[in-house]
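[1] here's my sequence, what's the structure:
(chains A and B)
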Amino acid sequence: MYEFDFVRPATIAEAVQALAADEAQALGGGQTLLPTMKQRLAMPEALVSLTGIDELQGVCPDGEALAIGAATTHADVERATADSYPALAALAGQIGDPAVRNRGTIGGSLANNDPSACYPAAALASGATIVTHRREIAADEYFEGLFSTALEEDEIITHVRMPVPQAAAYEKFVQPASRFALVGVFVARFEDGVRVAVTGASEEGVFRWEEAEAALSQSFSADAIAGLSVDPDGMIADLHGSKAYRAHLVQVITKRAVQAAAA
Amino acid sequence: MVNVTMTVNGQTASGEVEGRTLLSGFLRDNLGLTGTHIGCDTSQCGACVVHVNGKAVKSCTMLALEADGAEVGTIEGQAAADGTLNRIQQAFQDHHGLQCGFCTPGMVMSAAALLQDNPEPSEQEIREYLEGNLCRCTGYHNIVKAILAASGQPTETPLAAE
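    Sure thing, here's the model as predicted:
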């Protein structure tokens, strides 16, 4: 690993100040960032660890929603939401492997916005609000494409406000070597309609499948989307699957998610 | 260089590290605890799994300074002071749960974390928990058997083929 500075502040204010330095980068659990730095795909000059800030930890009720601290690990999200939002707990429990889940954080995942990550699908389908130390950003405005978000360089996610749907499920077709989603679909049914978010499939990163949302809002059943399909154009093509294959998977996995949520 | 202090296998340990020093490097190079193996260095193989505040983590993907003040457990802390193997280590020996042995420290540390949370895991739960621990000898069958035995469960039941 190349040489860099490291600080581990105890407050958000100190972290914001440290991030103002040139080429400084916030560090969550480091499960993506540290391997990326080892390969020199990212080369920040300073890391500002967010793991020592108590107020970024934990899950608590926030009206009809859950407020999830940005530095809460996947394992802690899984435990803390098992009763209050089981679909989210199930998603958290499928990320990476157990040791990765003990370090990786929800805030880190959302800030990175890997096109195959799981949490972006949950945030977008739940209509979450990404709360930073400076402002609130609706999930619909937050995800801006591959590894790209609405966050400013020195902006820290403090927590995620996640509305809890009446019914929801996340179905993930796993790429077995990496455990990332080859295609993952989060379906969430609210009183005023259904939201469907797809990860792993599009070259633009996580997206809402609005055609399916409209059909499912009329009738919440797998049959309602039997005739629908997404355009293969714009899907990811790599050695794991072609554009057409991923487009096909989106419909199949969405049907499974609907069945699981309706069960 | 800055000072880092943590409790390792019940004893206070400190040393001078850089920001970039990984926990795996601190354990091996500063403390001489070379039982923690570095296999892939990319957080995939799990040979470097240790416990930090009771939780399994990949020490090649955690900075040493992140463990400042933490309770760290390594493979060296598993056996009793007189060298008597603990029940997991003994089960690995009894059931031939290791071949070349390179992945074994990580396997034992992951198994210990699993049994702490789930004292009687099913075969399926064991296999899922070991998703992040790779054995290039492909000795999973006997590793799973050893963990079943260590949890006091029968090992005679036919195990699913990989």
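[2] can we go C-alpha only for contacts and neighbour counts from here?
    OK.
[3] domains of the chain?
    By default, I'm working from chain A. Following automatic domain parsing, chain A resolves into domains at A:5-49, A:58-163, A:167-262.
[4] actually it's chain B I care about, not the one you picked
    Per the record, chain B has its domains at B:2-76, B:87-150, by automatic domain parsing.
[5] can you tell me if the shortest one touches chain A.
    Meaning domain B:87-150. Yes. Counting by CA under 8 Å from any CA of the partner chain, chain A has neighbours in domain B:87-150: B:129-132.
[6] quick one: that domain to chain centroid distance?
    On the basis of CA atoms, centre = their mean, to the nearest Å, domain B:87-150 is displaced by 10 Å from the centre of the chain it belongs to.
[7] which of the domains of chain A sits closest to residue B:34?
    Closest of the domains of chain A to residue B:34 is domain A:58-163, at 19.8 Å (criterion: CA to CA).
[8] ok so, going back, would a markdown table of the residues of domain B:87-150 next to chain A with secondary structure, pLDDT and neighbour count be doable?
    As requested, the residues of domain B:87-150 next to chain A are arranged in a markdown table below (DSSP: H, G, I helix; E, B strand; the rest coil; pLDDT from 0 to 100; neighbours: other CA atoms under 10 Å in any protein chain shown):
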| residue | secondary structure | pLDDT | neighbour count |
| --- | --- | --- | --- |
| B:129 | helix | 97 | 18 |
| B:130 | helix | 97 | 23 |
| B:131 | helix | 94 | 18 |
| B:132 | helix | 95 | 25 |
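[9] for those residues, which one is nearest residue A:70?
    The nearest member of those to residue A:70, counting by CA to CA, is residue B:132 at 23.9 Å.
[10] is it true that the closest one touches residue B:47?
    No. With contact defined as CA atoms under 8 Å, residue B:132 and residue B:47 do not form a contacting pair (9.2 Å).
[11] give me the beta-bridge partners of the residue in chain B that chain A sits nearest to?
    Checking chain B residue by residue against chain A with CA to the nearest CA singles out residue B:57 as nearest, at 4.4 Å. Partner residues in beta bridges with residue B:57, using DSSP bridges, are residue B:50.
[12] count of residues packed around it?
    Counted with other CA atoms under 10 Å in any protein chain shown, the burial measure for residue B:57 works out to 27 neighbours.
[13] cool, and residue A:62?
    In terms of burial, residue A:62 registers 12 neighbours under the definition other CA under 10 Å.
[14] how about it, nearest residue that isn't a chain neighbour?
    Nearest-residue entry for residue A:62: residue A:161, 7.6 Å, with adjacent residues in sequence omitted and distances by CA to CA, 6 or more residues apart in numbering or on different chains.
[15] what's the local residue count around the one you found?
    A total of 26 residues lie near residue A:161 under the criterion other CA under 10 Å.
[16] what is the three-state secondary structure of it?
    When the structure is reduced to helix, strand and coil (DSSP: H, G, I helix; E, B strand; the rest coil), residue A:161 reads as strand.
[17] and the nearest residue to residue B:77 once chain neighbours are set aside, what does it touch?
    Nearest non-adjacent residue to residue B:77, counting by CA to CA, 6+ apart: residue B:9, 5.1 Å away. Counting by CA atoms under 8 Å, 6 or more residues apart in numbering or on different chains, residue B:9 touches B:71-74, B:76-77.
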